[in-house]
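Undergrad: Here is the input, now give the coordinates:
(chains A and B)
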Amino acid sequence: MKLVTWNVNSLNVRLQRLLDWLAANTPDVVCLQETKLEDAKFPVAALDAAGYASHYTGQKTYNGVAILARHGLAVSDVAAGVDGFVDEQKRLIAATVAGMRVISAYVPNGQSIDSDKYRYKLAWCDAVAKHLRETLKHHPALAIAGDFNVAPEDRDVHDPALWTGQVLCSEPERAAFREFLDAGLVDSFRLFDQPPKTFSWWDYRMLAFPKNHGLRIDHVLLSPPLAARCTASRIDRNARKGEKPSDHAPAIVELGDA
DNA sequence: ATGGCAATGTTTCATTGA
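TA: Down below sits the predicted model:
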């Protein structure tokens, strides 16, 4: 079982790139963020032809999340939004796929630590932490995958001194990320030895990608039963190359049989 | 072996992203 998350930065622009990547990597479950599509415009037919069922919640211009499940996998109880948190922004969708609860999440960016968007980010994360604690009571096999917009530790940052206290790296955001872990999840990436300076996002500007000036902000968190099955967790840096890439690379997790 | 912002709508700039 291969589970991936990818912030595609517009599924409209990135559809062919996604289809190519799916064909090359054959994941079973795909969590997408920043689809930037109203539901009526989601490319259901193209993904169906590629072998995937689509579950999605989106809006024009911003946000939008989805879960794709390979044909043949049982999908039930699709639910959009964060329990107990009224939010017009489409940032979270959950589904039970092949017996595990899968959540695709797009954590708010926060813009800067003195902005209203930053306060919204922390409030959103707090609500999601509660949502996770509640969900784990009913779904011991839980994975939340997405763009967390938080680099959890300094080793997830190309230049920690430059980023100290900045949005994506500030201590309150890192504390919010630890709240997700404290709910009973592990960062799958850290279950394994990893190459240093492995990142999942690089700014489009200033040659950030060729210089590897990146952050690791896209994560797959697993509950203990799934962590026990996890045999690999990596980031596909190659997907950031070439013409018109997303600024994010996919994160890939492999799970052995239950 | 990569490449000097990109996507969108309000469209010829402003806004947002991270």
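
Undergrad: residues from the stretch 151-258 of chain A in reach of DNA strand B?
TA: With the criterion set to CB under 7 Å from any atom of the strand, the stretch 151-258 of chain A comes near DNA strand B through A:167-168, A:201, A:203-207, A:209-210, A:215, A:217, A:238, A:241-245, A:247-248. Where C-beta positions appear, they are placed from N, C-alpha and C, glycine not excepted.

Undergrad: what's the pLDDT at the closest residue to A:Pro140 other than its chain neighbours?
TA: In this structure, A:Pro140 finds its nearest non-sequential neighbour in A:Pro225, 5.4 Å apart by CB to CB, 6 or more residues apart in numbering. pLDDT for A:Pro225: 98.

Undergrad: Tell me which helix or strand A:Pro225 sits in.
TA: helix A:224-229 (DSSP states H and E).

Undergrad: Would you mind listing the buried residues in that helix?
TA: A:226-227, A:229 (16 or more other CB atoms under 10 Å).

Undergrad: Assign a three-state SS to the nearest residue to A:Val29 once chain neighbours are set aside, would you?
TA: Closest residue to A:Val29 apart from its sequence neighbours, by CB to CB, 6+ apart: A:Leu3 at 4.6 Å. Secondary structure, DSSP: H, G, I helix; E, B strand; the rest coil: A:Leu3 is strand.

Undergrad: and A:Leu3, what does it touch?
TA: Listed by CB atoms under 8 Å, 6 or more residues apart in numbering, the contact partners of A:Leu3 are A:27-31, A:102, A:143, A:145, A:220, A:252-255.

Undergrad: One more: A:Leu19?
TA: A:Leu19 sits next to A:46-47, A:50 when contact means CB under 8 Å, 6+ apart.

Undergrad: 10 Å instead?
TA: A:Leu19 sits next to A:43, A:46-47, A:49-50, A:52 when contact means CB atoms under 10 Å, 6 or more residues apart in numbering.

Undergrad: how far away is it from DNA strand B?
TA: To DNA strand B, A:Leu19 is 16 Å away according to CB to the nearest atom of the strand, to the nearest Å.

Undergrad: any idea which element that residue lies in?
TA: Going by DSSP H and E, A:Leu19 is in helix A:11-25.

Undergrad: picking up where we left off before, quick one: buried ones out of the residues of the stretch 151-258 of chain A next to DNA strand B?
TA: A:167-168, A:201, A:209, A:215, A:217, A:245, A:247-248.

Undergrad: do you know how far the residue most central in space within chain A is from A:Asn7?
TA: In chain A, the residue lying closest to the centroid (CA atoms, centre = their mean) is A:Gly146, at 1.0 Å. Separation of A:Gly146 from A:Asn7 (CB to CB, to the nearest Å) stands at 8 Å.

Undergrad: Overlap of the contact sets of the two?
TA: Here A:Gly146 and A:Asn7 have A:31-33, A:65, A:106, A:217-218, A:251 as joint contacts, going by CB under 10 Å, 6+ apart.

Undergrad: how about low-confidence regions in chain A?
TA: In the prediction, chain A carries no residues with pLDDT under 70.

Undergrad: what do you get if the cut-off is 90, keeping everything else the same?
TA: Low-confidence segments of chain A (pLDDT under 90): A:258.

Undergrad: From the opening residue of stretch A:165-178 to its closing one, how far?
TA: Distance across stretch A:165-178, first residue to last, is 16 Å (CA to CA, to the nearest Å).

Undergrad: where exactly do the strands run in chain A?
TA: Applying DSSP state E to chain A gives strands spanning A:2-7, A:29-33, A:52-57, A:65-70, A:75-80, A:92-97, A:100-106, A:142-147, A:186-187, A:201-202, A:214-215, A:218-222, A:230-235, A:251-255.

Undergrad: Could you list the residues in contact with the fifth one?
TA: Spelled out, it's strand A:75-80. Strand A:75-80 is contacted by residues A:29, A:39, A:53, A:55-58, A:65, A:67-69, A:90-99, A:101-104, A:135, A:138-139 when judged by CB under 10 Å, 6+ apart.
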